[in-house]
Each structure stands twice: as structure tokens, then as C-alpha cells.
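Asks: curious how this folds, go ahead:
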Amino acid sequence: MVVLYSFELYRPSSLEDALVFLEKNAPDAKPMAGGTELLVLLRDRVIKPPRYIVDLSPLRRELSYVKVNGGYVKIGALTTIWELSRSFLHSDVRYAGFVDVFKKFGTMALRFEATIGGNIMTATQYSDYATLLLVYDARVKLLSTRGSRILSLEELLVDKRVTGAKPDELLVEVLFPEPPRSASSAFVKFDRREVLIAGVVTSAAYLDLEGDVIRDVRVSFDMVREKRVPRRARVTEGFLRGKTFTDEVLFEASERVLSGEMERVTDWWTTGEYRLDMSKVALRRGLYKCYERIKGGVI
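Replies: Sure, this is the predicted structure:
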């Protein structure tokens with residue numbers, strides 16, 4: 001029999017109520033969105049149990065949305081993975097990477113409960129939506145009784161299970177600039193099987209073309225160096241930007257530039273050498289998918 005640590009569950013009546021409770025009880029209170037990650041971590045004794053868990057489900061109506069406002073795509077932190085799939089993010093080619101992530105994300109049951117905010121705040125290399133959102137230059141809005149502040153996603157993801165959010169802050173929104181019509185994205189995930197996978201290597205790509213010239217490009221991986229959180233491969237981006245999209249350019253970017261920028265780790269799962277080789281494949285495959293989507297206009 002598995003026994004969870006004991007804790008008190010608090011269900012706020014409003015967003016303001018949640019923020020006041022966190023202010024009074026942080027760091028002994030931890031927010032819970034869908035609970036698909038947090039409850040497993042508590043069950044497996046991976047993290048120290050808090051005195052209080054703040055159940056955010058009463059705030060779903062307020063913090064669950066996908067919209068475009070003022071030139072920015074804005075996603076409420078409590079938007080579930082299933083709700084994302086019912087939005088324009090799954091029908092507009094500019095956001096095609098969201099469809100790729102959804103197809104690789106857990107089970108259908110998890111998609112109904114897991115939230116975009118929870119997936120990001122997990123802060124591990126397995127945060128697939130964080131990997132994708134990095135190539136959209138995403139930022140997050142954090143809220144507390146002191147007010148709000150905006151952090152880039154890279155600033156938020158400090159290291160494995162470590163974020164830049166303060167103990168009394170809630171992540172309430174993810175936002176990124178609306179991409180041009182000449183852009184698209186892709187997400188690539190490799191593992192030994194196709195379903196219920198953590199991912200030996202994951203990667204996302206964003207491409208903006210002017211004809212066949214790479215006007216803008218962004219690529220990210222589950223990790224690039226020693227920090228076990230998703231990161232951009234900025235040296236590789238700089239090499240690609242402004243060049244004509246050709247097989248030769250992509251091959252040089254993956255074999256010479258990325259391999260010089262990236263350091264992969266060896267663990268019980270596989271070797272660093274294998275991860276690096278598959279990262280090169282993921283880079284090329286993701287950029288080819290972006291190119292085909294832009295030229296074909298379909299996901």
C-alpha cells in the first residue's frame with residue numbers, strides 16, 4: 001500500500017483569496033493545478049511535502065483561456081492540454097508545433113487534467129510545452145499580493161525543479177508575440193516507443209522564411225548543457241539566420257555548429273553520444289517540417 005504524506009488542502013474562493021493565502025503561508029504552501037505531476041512526486045517522495053496544498057481548480061473559469069490580444073497570444077495558466085487542442089493553436093499552421101506536442105503528450109486522461117502552467121512549472125527536461133514555448137520567445141506573468149511581474153521563460157526555468165518564481169507567486173498567464181504568416185513551428189520527440197514517453201531527446205523549431213531565406217529561426221532542446229531544463233541553442237540559431245534554406249546549410253548547422261554548442265549527459269537511459277546524434281537528427285527534422293508547413297500551408 002502506498003501512503004501519501006499528510007497535508008492540508010486549501011481551496012480558494014477567488015484568485016485574490018489564493019494570493020493572500022500564499023502570502024500568509026509561503027513557503028509552506030504549494031499551488032496545485034491539475035495535480036498530474038505534483039501528486040506523483042509526493043507519492044514517490046521525490047519532493048518534500050508542504051504543509052498546505054492550494055487547489056487551484058476553483059480558478060479554472062478565470063485562468064483557462066487561449067486568445068490573441070494586442071499582438072500577443074495569451075494562454076491562461078490553468079488551460080488544460082485538451083482545451084489547447086480545441087483552440088486555434090491546433091488549426092493555424094503558425095502554431096503547428098502545438099499539434100506535435102499534443103500527439104506525444106501522455107494519455108487522453110492526462111490531457112484532460114494536466115495544465116499548461118503545471119507543465120511549465122514542473123521545470124524539468126520533460127516539460128514538453130516549455131521546450132516548444134521557448135521557440136516562440138514566450139514569457140510568463142507571475143502574480144502575488146505585491147502585484148504582477150513578467151519573466152522570460154528562460155528566466156523562469158532556472159534548473160531542474162527550480163524556478164524563478166517566488167514562493168508566494170502564482171503563474172497566471174503565458175504570452176508570446178503573434179507570429180507572422182510566413183512562420184511555422186515543429187516539435188520532435190524520440191523515445192523507444194510512441195506512447196507514454198518521457199523522451200530521450202526532445203526538440204522544437206520555429207522558422208520564418210522570406211522566399212527560401214531564413215529570416216528568423218529558433219531552436220530548443222530538452223537540455224543543451226549542464227542544466228536539466230529546456231534551453232535554446234542560440235549559437236546554432238545565429239549560424240542559420242540569414243542563410244538560404246538548403247540541405248547543406250542544415251547539415252553544417254547540425255554536424256558542426258550544434259555539436260560544438262551542445263553537451264549531452266550519459267545516464268542509465270542512454271549515452272551522451274547517442275543523445276547528441278539524435279539531437280542533430282531532431283534539428284534537421286524539425287526545420288524540414290517547419291519548411292514544408294510554411295510552403296504547403298498545412299499542419
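Asks: contacting residues for the residue nearest the centre of the chain?
Replies: In the chain, the C-alpha nearest the mean C-alpha coordinate belongs to A130, at 1.3 Å (CA atoms, centre = their mean). Residues near A130 by CB atoms under 8 Å, 6 or more residues apart in numbering: 119-120, 123, 153, 157, 229-230. C-betas here are computed from N, CA, C, even on glycine.
Asks: that one: what secondary structure?
Replies: When classified by DSSP: H, G, I helix; E, B strand; the rest coil, A130 comes out as helix.
Asks: how about JSON lines for the contacts of A130, with pLDDT added?
Replies: Conversion of these to JSON lines gives the following (pLDDT from 0 to 100):
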{"residue": "N119", "pLDDT": "93"}
{"residue": "I120", "pLDDT": "95"}
{"residue": "A123", "pLDDT": "92"}
{"residue": "L153", "pLDDT": "98"}
{"residue": "L157", "pLDDT": "97"}
{"residue": "V229", "pLDDT": "95"}
{"residue": "P230", "pLDDT": "96"}
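Asks: restricted to helices, list these.
Replies: Within the contacts of A130, residues falling in helices by DSSP state H are 119-120, 153.
Asks: okay if I get the contacts of A130 as CSV plus neighbour count?
Replies: Below are these laid out as CSV (neighbours: other CB atoms under 10 Å):
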residue, neighbour count
N119, 24
I120, 23
A123, 22
L153, 25
L157, 27
V229, 26
P230, 30
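Asks: quickly name whichever of the residues you listed is closest to G76.
Replies: Nearest to G76 among the contacts of A130, counting by CB to CB, is I120 at 12.4 Å.
Asks: what about V265, distance to I47?
Replies: According to CB to CB, to the nearest Å, V265 stands 22 Å off from I47.
Asks: K67 - how many residues pack around it?
Replies: 11 (other CB atoms under 10 Å).
Asks: surely it forms part of a strand?
Replies: Yes. Under three-state DSSP, K67 sits within a strand.
Asks: just checking, it touches T79?
Replies: No. Counting by CB atoms under 8 Å, K67 stays clear of T79, with 10.3 Å between them.
Asks: what segments of the stretch 151-299 of the chain are strands?
Replies: 157-159, 162-163, 170-177, 183-190, 201-210, 213-221, 231-232 (DSSP state E, counting those that start in this stretch).
Asks: same deal with the stretch 1-150 of the chain?
Replies: For the stretch 1-150 of the chain, the strands defined by DSSP E, counting those that start in this stretch occupy 8-10, 29-32, 52-55, 66-69, 72-76, 139-144, 147-152.
Asks: let's have the ones you listed in CSV, adding distance to K295 and mean pLDDT.
Replies: Listed next are the strands of the stretch 1-150 of the chain as CSV, based on distance: least, CB to CB, whole Å; pLDDT from 0 to 100:
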stretch, distance to K295, mean pLDDT
strand 8-10, 51, 91
strand 29-32, 43, 92
strand 52-55, 46, 94
strand 66-69, 24, 98
strand 72-76, 23, 98
strand 139-144, 30, 98
strand 147-152, 30, 98
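Asks: quick check: buried residues in the helix or strand bottoming out on mean pLDDT in the chain?
Replies: In the chain, no helix or strand scores lower on mean pLDDT, DSSP states H and E than helix 38-43, which sits at a mean of 77. Buried residues in helix 38-43, counted by 16 or more other CB atoms under 10 Å: 38, 42.
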